[in-house]
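Novice: Just need the structure, nothing else, for what follows:
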Amino acid sequence: MSEIDPTDHALATIASILEHPEPVLVVRETVTETETEMAAVDEHAIADEHPEVEEQPLVPEPADADGYSKVGPGPMVAIRLKWTVHRGDDGQYYVHETIGEQSTPVISGPMTSEAAVHFVDEHEDDAHRRFEELRSEIAGRSSLAEFERKGEA
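Specialist: Alright, predicted model coming up:
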(Lines give C-alpha, C1' and ligand atoms only; values in the text may rest on other atoms or scores of the structure.)
Protein backbone atom coordinates (compact mmCIF):
# COMPACT_ATOMS: atom_id res chain seq x y z
CA MET A 1 0.00 0.00 0.00
CA SER A 2 1.42 3.42 -0.94
CA GLU A 3 1.76 6.23 1.55
CA ILE A 4 -0.52 9.27 0.89
CA ASP A 5 0.80 12.74 1.51
CA PRO A 6 -1.48 14.62 3.99
CA THR A 7 -1.15 17.74 1.82
CA ASP A 8 -2.74 15.88 -1.10
CA HIS A 9 -5.68 14.90 1.11
CA ALA A 10 -6.15 18.51 2.30
CA LEU A 11 -5.98 19.86 -1.25
CA ALA A 12 -8.53 17.29 -2.43
CA THR A 13 -10.89 18.28 0.38
CA ILE A 14 -10.58 21.99 -0.49
CA ALA A 15 -11.16 21.25 -4.17
CA SER A 16 -14.33 19.26 -3.43
CA ILE A 17 -15.66 22.09 -1.26
CA LEU A 18 -15.02 24.63 -4.00
CA GLU A 19 -16.62 22.43 -6.66
CA HIS A 20 -19.79 21.75 -4.64
CA PRO A 21 -20.48 24.66 -2.29
CA GLU A 22 -23.20 24.21 0.27
CA PRO A 23 -26.38 26.21 -0.40
CA VAL A 24 -26.84 29.36 1.63
CA LEU A 25 -30.20 30.12 3.21
CA VAL A 26 -31.43 33.60 2.26
CA VAL A 27 -34.43 35.23 3.91
CA ARG A 28 -36.29 37.78 1.80
CA GLU A 29 -39.26 39.79 2.95
CA THR A 30 -42.14 40.16 0.53
CA VAL A 31 -44.50 43.10 0.07
CA THR A 32 -46.38 42.42 3.28
CA GLU A 33 -44.43 42.40 6.52
CA THR A 34 -46.06 39.20 7.79
CA GLU A 35 -44.99 36.97 4.90
CA THR A 36 -41.39 35.85 4.53
CA GLU A 37 -39.93 33.86 1.71
CA MET A 38 -37.02 31.52 2.27
CA ALA A 39 -34.89 30.35 -0.63
CA ALA A 40 -31.79 28.25 -0.98
CA VAL A 41 -29.23 30.01 -3.15
CA ASP A 42 -25.66 29.03 -3.88
CA GLU A 43 -22.79 31.36 -2.99
CA HIS A 44 -22.09 32.25 -6.63
CA ALA A 45 -25.57 33.71 -7.09
CA ILE A 46 -25.08 35.90 -4.02
CA ALA A 47 -21.68 37.05 -5.26
CA ASP A 48 -23.21 37.96 -8.63
CA GLU A 49 -25.79 40.29 -7.05
CA HIS A 50 -24.65 43.90 -7.10
CA PRO A 51 -26.31 45.95 -4.38
CA GLU A 52 -26.95 49.57 -5.20
CA VAL A 53 -24.60 51.86 -3.31
CA GLU A 54 -25.12 55.58 -2.98
CA GLU A 55 -22.18 57.51 -4.36
CA GLN A 56 -20.46 59.50 -1.66
CA PRO A 57 -17.36 61.65 -1.74
CA LEU A 58 -14.17 59.98 -0.48
CA VAL A 59 -13.76 62.58 2.25
CA PRO A 60 -17.11 63.80 3.51
CA GLU A 61 -17.36 67.49 4.24
CA PRO A 62 -18.18 68.11 7.88
CA ALA A 63 -21.69 69.48 8.36
CA ASP A 64 -20.40 71.59 11.23
CA ALA A 65 -16.72 72.22 11.83
CA ASP A 66 -17.21 72.06 15.62
CA GLY A 67 -15.34 68.96 16.80
CA TYR A 68 -13.31 68.51 13.60
CA SER A 69 -9.97 67.11 14.72
CA LYS A 70 -6.70 65.69 13.42
CA VAL A 71 -3.69 64.20 15.15
CA GLY A 72 -0.09 64.65 14.07
CA PRO A 73 2.46 61.90 13.61
CA GLY A 74 4.85 60.58 16.18
CA PRO A 75 5.84 57.50 18.10
CA MET A 76 4.65 58.71 21.52
CA VAL A 77 1.25 60.06 22.57
CA ALA A 78 2.92 62.38 25.08
CA ILE A 79 4.52 64.46 22.31
CA ARG A 80 1.89 64.08 19.57
CA LEU A 81 0.20 67.24 18.26
CA LYS A 82 -3.58 67.46 18.06
CA TRP A 83 -5.76 70.13 16.47
CA THR A 84 -9.45 70.41 17.31
CA VAL A 85 -11.99 72.96 16.08
CA HIS A 86 -14.38 74.44 18.69
CA ARG A 87 -17.25 76.82 18.14
CA GLY A 88 -17.17 79.79 20.45
CA ASP A 89 -20.12 81.52 22.12
CA ASP A 90 -19.77 84.28 19.51
CA GLY A 91 -20.48 81.83 16.66
CA GLN A 92 -16.90 81.98 15.42
CA TYR A 93 -14.56 78.97 15.28
CA TYR A 94 -11.33 78.48 17.20
CA VAL A 95 -8.62 75.85 16.78
CA HIS A 96 -7.17 74.33 19.95
CA GLU A 97 -3.67 72.96 19.41
CA THR A 98 -2.29 70.64 22.09
CA ILE A 99 0.85 68.60 22.57
CA GLY A 100 0.11 65.35 24.36
CA GLU A 101 -3.03 64.67 26.32
CA GLN A 102 -2.61 66.93 29.34
CA SER A 103 -1.25 70.17 27.87
CA THR A 104 -2.97 73.56 27.88
CA PRO A 105 -4.19 74.31 24.35
CA VAL A 106 -2.83 77.12 22.21
CA ILE A 107 -5.94 78.74 20.73
CA SER A 108 -6.04 80.26 17.25
CA GLY A 109 -8.99 82.26 16.01
CA PRO A 110 -11.61 83.58 15.55
CA MET A 111 -12.21 82.30 12.03
CA THR A 112 -14.92 80.87 9.81
CA SER A 113 -15.68 77.15 9.86
CA GLU A 114 -14.02 76.67 6.46
CA ALA A 115 -10.93 78.57 7.58
CA ALA A 116 -10.72 76.52 10.78
CA VAL A 117 -10.91 73.19 8.89
CA HIS A 118 -8.31 74.48 6.40
CA PHE A 119 -6.08 75.57 9.32
CA VAL A 120 -6.26 72.09 10.89
CA ASP A 121 -5.61 70.30 7.59
CA GLU A 122 -2.70 72.58 6.71
CA HIS A 123 -1.01 72.21 10.11
CA GLU A 124 -1.49 68.44 10.12
CA ASP A 125 0.03 68.16 6.62
CA ASP A 126 2.97 70.35 7.68
CA ALA A 127 3.55 68.23 10.81
CA HIS A 128 3.61 65.04 8.72
CA ARG A 129 6.07 66.60 6.27
CA ARG A 130 8.40 67.76 9.06
CA PHE A 131 8.16 64.38 10.80
CA GLU A 132 9.15 62.55 7.60
CA GLU A 133 12.07 64.95 7.06
CA LEU A 134 13.28 64.38 10.62
CA ARG A 135 12.86 60.61 10.34
CA SER A 136 14.82 60.44 7.08
CA GLU A 137 17.55 62.69 8.56
CA ILE A 138 17.85 60.37 11.56
CA ALA A 139 17.89 57.32 9.28
CA GLY A 140 20.59 58.97 7.14
CA ARG A 141 22.74 59.70 10.17
CA SER A 142 22.39 56.18 11.52
CA SER A 143 23.36 54.66 8.16
CA LEU A 144 26.34 57.06 7.93
CA ALA A 145 27.42 56.09 11.47
CA GLU A 146 27.16 52.40 10.53
CA PHE A 147 29.18 53.12 7.37
CA GLU A 148 31.91 54.86 9.45
CA ARG A 149 31.94 52.10 12.07
CA LYS A 150 32.77 49.53 9.42
CA GLY A 151 35.71 51.69 8.38
CA GLU A 152 34.44 52.24 4.88
CA ALA A 153 34.53 56.03 5.06
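Novice: in this protein, what spans have low per-residue confidence?
Specialist: Within the chain, the segments meeting pLDDT under 70 span 1-63, 144-145, 147, 151-153.
Novice: Could you pull out the helices in it for me?
Specialist: Counting by DSSP state H, the chain has helices at residues 6-19, 43-48, 113-149.
Novice: In this model residue 77 seems to touch residue 71, though I could be wrong.
Specialist: No - between residue 71 and residue 77 there is no contact under Cβ atoms under 8 Å: 9.2 Å. Backbone N, C-alpha and C define where each C-beta goes, glycine included.
Novice: These two - which one has more neighbours?
Specialist: Set side by side, residue 71 and residue 77 show unequal neighbour counts under other Cβ atoms under 10 Å, the larger going to residue 71 at 14 against 10.
Novice: Over to residue 80: give its phi and psi.
Specialist: Backbone torsions of residue 80, given as degrees, to the nearest 10, read phi -80, psi 140.
Novice: Look up how far residue 100 lies from it.
Specialist: 7 Å (Cβ to Cβ, to the nearest Å).
Novice: just residue 107 next, same as before
Specialist: Taking Cβ to Cβ as the measure, residue 107 and residue 100 are separated by 16 Å.
Novice: same question, residue 135
Specialist: The separation that residue 135 has from residue 100, given Cβ to Cβ, amounts to 20 Å.
Novice: just residue 75 next, same as before
Specialist: Using Cβ to Cβ, we find residue 75 at a distance of 13 Å from residue 100.
Novice: Then residue 137?
Specialist: Taking Cβ to Cβ as the criterion, residue 137 is separated from residue 100 by 23 Å.
Novice: now swap in residue 65 and tell me
Specialist: For residue 65, the distance to residue 100 - Cβ to Cβ - is 24 Å.
Novice: Those two: which has the busier surroundings?
Specialist: residue 65 (22 against 13).
Novice: show me what contacts the nearest residue to that one once chain neighbours are set aside?
Specialist: In space, not counting the residues next to it along the chain, residue 65 is nearest to residue 113; the distance is 3.6 Å by Cβ to Cβ, 6 or more residues apart in numbering. By Cβ atoms under 8 Å, 6 or more residues apart in numbering, the residues touching residue 113 are 62, 64, 65, 66, 85, 87, 93.
Novice: List buried residues within these.
Specialist: A residue is treated as buried here by neighbour count (16 or more other Cβ atoms under 10 Å); on that basis the buried members of the contacts of residue 113 are 65, 85, 87, 93.
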